[in-house]
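> coords below, sequence missing:
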């Protein structure tokens, strides 16, 4: 290693980088544990919540919203369809497009999962003032913007 090369832990923003990464990882683990009784995982919840909000969204639009590839969608959606949580329907105007919809069971599970997630958010963040939560969200959204731009620049 070059003596002039800086080490990650010497960077003044390294602590923030690590804190964000660890918080994200721990939030996902905590959410996964909380959802286990419903037999869904965080990626399933992401799909279900988006279908709850945007009924009839296409698979491609969903993949873009979740920042995942179509291959991830093609692995998760059949599992969820087999469980009776979602259905895929042809688009009436474009037969190449599949639209995603919640089944009644999918809607029931989604509502239970959202209650669990909201409870977890309350438990974890209730000690933080709303202003601090909003400031953190603003910071994270700026970071997301930089990272998304990096991805676009690579394509």
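Looks like it arrived, so ask away. These numbers come from a predicted model, not from an experiment. Residues are numbered from 1 along each chain as shown.

> confidence score at the residue lying closest to residue 85 once chain neighbours are set aside?
Residue nearest to residue 85 in three dimensions, not counting chain neighbours: residue 106, with 3.7 Å by C-beta to C-beta, 6 or more residues apart in numbering. (Glycine included, C-beta is placed from N, CA and C.) Residue 106 is assigned 98 on the pLDDT scale.

> Residue 155 now?
So, for residue 155, pLDDT stands at 74.

> Next one: it from residue 133, what distance?
Noted for residue 155: a distance of 33 Å to residue 133, by C-beta to C-beta, to the nearest Å.

> Looking only at neighbour counts, state which of the two leads.
Between residue 155 and residue 133, counting by other C-beta atoms under 10 Å, residue 133 is the more crowded of the two (13 against 4).

> List the contacts of the more buried one.
Residues in contact with residue 133 (C-beta atoms under 8 Å, 6 or more residues apart in numbering) are residue 125.

> list the buried ones in stretch 81-91?
Neighbour-count burial for stretch 81-91, with 16 or more other C-beta atoms under 10 Å as criterion, is recorded at 85-86.

> same deal with stretch 41-57?
Buried residues in stretch 41-57, defined by neighbour count with 16+ other C-beta under 10 Å: 42-48, 50-51, 57.

> The residue nearest to residue 85 against residue 48, yeah?
Yes - the pair residue 106 / residue 48 is scored as a contact, 6.3 Å apart, by C-beta atoms under 8 Å.

> Give me the common contacts of these two.
80, 85-86.

> Adding distance to residue 101 and secondary structure, write the residues you listed out as JSON lines.
As requested, those are arranged in JSON lines below (distance: C-beta to C-beta, whole Å; DSSP: H, G, I helix; E, B strand; the rest coil):
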{"residue": "80", "distance to residue 101": "11", "secondary structure": "helix"}
{"residue": "85", "distance to residue 101": "10", "secondary structure": "coil"}
{"residue": "86", "distance to residue 101": "7", "secondary structure": "strand"}
